[in-house]
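> Only the shape, not the letters, is given here:
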């Protein structure tokens with residue numbers, strides 16, 4: 001077993017626990033660019049890797065009370081059907097199947113991650129703008145359906161690229177729930193990523209794009225990593241967490257665009 005796989009798993013797991021980002025947006029480019037893994041296999045393996053590692057993060061956040069289960073359920077209502085439908089459509093109708101869509105989606109997500117980083121840096125100003133122009137009485141039903149729609153978009157993106165459950169999910173929740181503390185946003189997003197990545201990963205397994213040996217090697221390092229990161233996240237001030245997340249997204253987005 002290549003010892004660098006568990007080391008990479010620990011590093012990414014710790015980042016996932018700390019920020020809610022990293023399962024796909026870090027691990028997939030790492031597997032492809034550093035370890036030379038076939039892109040489709042990297043995506044499929046990473047989805048199941050994220051499902052297992054974020055289960056540990058969900059448990060840690062749940063014990064601390066930093067998961068809003070209503071938000072998690074609303075996201076899943078949209079993401080689970082969208083993930084299954086997207087995999088079926090791509091595999092059935094797109095020339096080259098999953099591999100034929102990866103380059104375009106990776107580039108698009110690279111741009112999206114750079115924009116996400118900018119939005120996080122200026123989040124307080126964006127929050128103030130949203131609060132200033134928000135209706136006097138909140139509309140829970142509207143927010144619910146926007147959350148379901150956000151889940152559907154994430155489900156489609158994650159199923160064919162493994163990227164989006166963390167970075168884009170956290171950012172979308174920042175806009176949908178501007179008054180929710182950052183660590184509750186992270187906890188809720190991690191909890192939602194578990195069923196999403198599991199369903200998408202099983203779909204990839206059925207299509208033959210999962211490397212079980214690689215998956216086991218990554219998990220050896222990632223499980224303790226995400227547990228440590230999850231426990232530290234609530235103690236990290238939001239003014240520290242946000243720049244770390246933004247800086248990481250700039251790096252990831254640049255890599256995806258240049259790949």
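Cool, got the structure. All of these numbers come straight from a predicted model, not from anything done at the bench. Numbering: from 1, shown residues only.

> Any idea how far the helix or strand harbouring residue 150 is from the middle of the chain?
In this assignment (DSSP states H and E), residue 150 forms part of helix 140-161. Offset of helix 140-161 from its chain centre (CA atoms, centre = their mean, to the nearest Å): 13 Å.

> model confidence over that helix, on average?
The average pLDDT within helix 140-161 is 90.

> now for it, which elements pack on it?
helix 39-64, helix 69-93, helix 98-121, helix 167-176, helix 182-206 (3 or more CB pairs under 8 Å, 6 or more residues apart in numbering; DSSP states H and E). (Glycine included, C-beta is placed from N, CA and C.)

> Next, the angle from it to helix 182-206.
40 degrees (axes from the mean of the first three to the mean of the last three CA atoms, to 10 degrees).

> tally of neighbours for residue 247?
When counting by other CB atoms under 10 Å, one arrives at 13 neighbours for residue 247.

> contacting residues for it?
Residues in contact with residue 247, defined by CB atoms under 8 Å, 6 or more residues apart in numbering, are residue 117.

> Could you pull out the buried residues of the helix or strand harbouring it?
Element membership for residue 247, per DSSP H and E: helix 238-258. For helix 238-258, the neighbour count (16 or more other CB atoms under 10 Å) marks 241-242, 245-246, 248-249, 252-253, 255-256 as buried.

> Repeat that for stretch 38-57.
39-57.

> likewise stretch 215-233?
215-219, 221-231, 233.

> Dump the buried residues of helix 238-258 into TSV; add distance to residue 85 and pLDDT as well.
As requested, the buried residues of helix 238-258 are arranged in TSV below (distance: CB to CB, whole Å; pLDDT from 0 to 100):
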residue	distance to residue 85	pLDDT
241	34	68
242	34	68
245	30	70
246	32	76
248	30	74
249	27	73
252	26	74
253	27	76
255	29	73
256	24	71
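
> Which single one of those is nearest to residue 94?
Of all the buried residues of helix 238-258, residue 94 sits closest to residue 256, with 19.7 Å by CB to CB.

> same question for stretch 57-73, mean pLDDT?
Average pLDDT, stretch 57-73: 86.

> next one: stretch 82-92
Averaged over stretch 82-92, pLDDT sits at 89.

> So what touches it?
97-98, 100-101, 151-156, 158-160, 196, 199-200, 203-204, 207.

> Make a ChimeraX selection of whichever of those residues turn out to be buried.
Buried residues within those, by 16+ other CB under 10 Å, are selected in ChimeraX with:
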select :97,98,101,151,152,153,154,155,156,158,159,160,196,199,200,203,204,207
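
> Leaving out sequence neighbours, find the closest residue to residue 97.
Closest residue to residue 97 apart from its sequence neighbours, by CB to CB, 6 or more residues apart in numbering: residue 91 at 5.0 Å.

> Relative to residue 145, how far out is that neighbour?
Using CB to CB, to the nearest Å, residue 91 is found at 29 Å from residue 145.

> Repeat that for residue 249.
On the measure of CB to CB, residue 249 and residue 145 end up 27 Å apart.

> cool, and residue 27?
Taking CB to CB, one finds residue 27 at 31 Å from residue 145.

> what sits against residue 165?
With CB under 8 Å, 6+ apart, residue 165 has these contacts: 23-24, 50, 154, 158, 189, 192-193, 196-197.

> secondary structure class for it?
Assigned with DSSP: H, G, I helix; E, B strand; the rest coil, residue 165 falls in the coil class.

> Helix, strand or coil: sort out residue 25 for me.
When classified by three-state DSSP, residue 25 comes out as coil.

> Around it, how many other residues sit close by?
32.

> try the one 4 residues further on
The number of residues packed around residue 29, counting by other CB under 10 Å, is 23.

> Please apply the same query to residue 90.
Neighbours of residue 90 (other CB under 10 Å): 22.

> Equivalent analysis for the one 3 residues further on, please.
By the measure other CB under 10 Å, the count of residues near residue 93 is 8.

> Please apply the same query to the one 10 residues further on.
Around residue 103 there are 11 other residues, counting by other CB under 10 Å.

> Contact partners for the closest residue to residue 79 other than its chain neighbours?
Counting by CB to CB, 6+ apart, residue 79 lies nearest to residue 155, which is 3.3 Å off, once chain neighbours are set aside. Residue 155 makes contact with 78-83, 86, 196, 200, according to CB under 8 Å, 6+ apart.

> No more questions from me, cheers.
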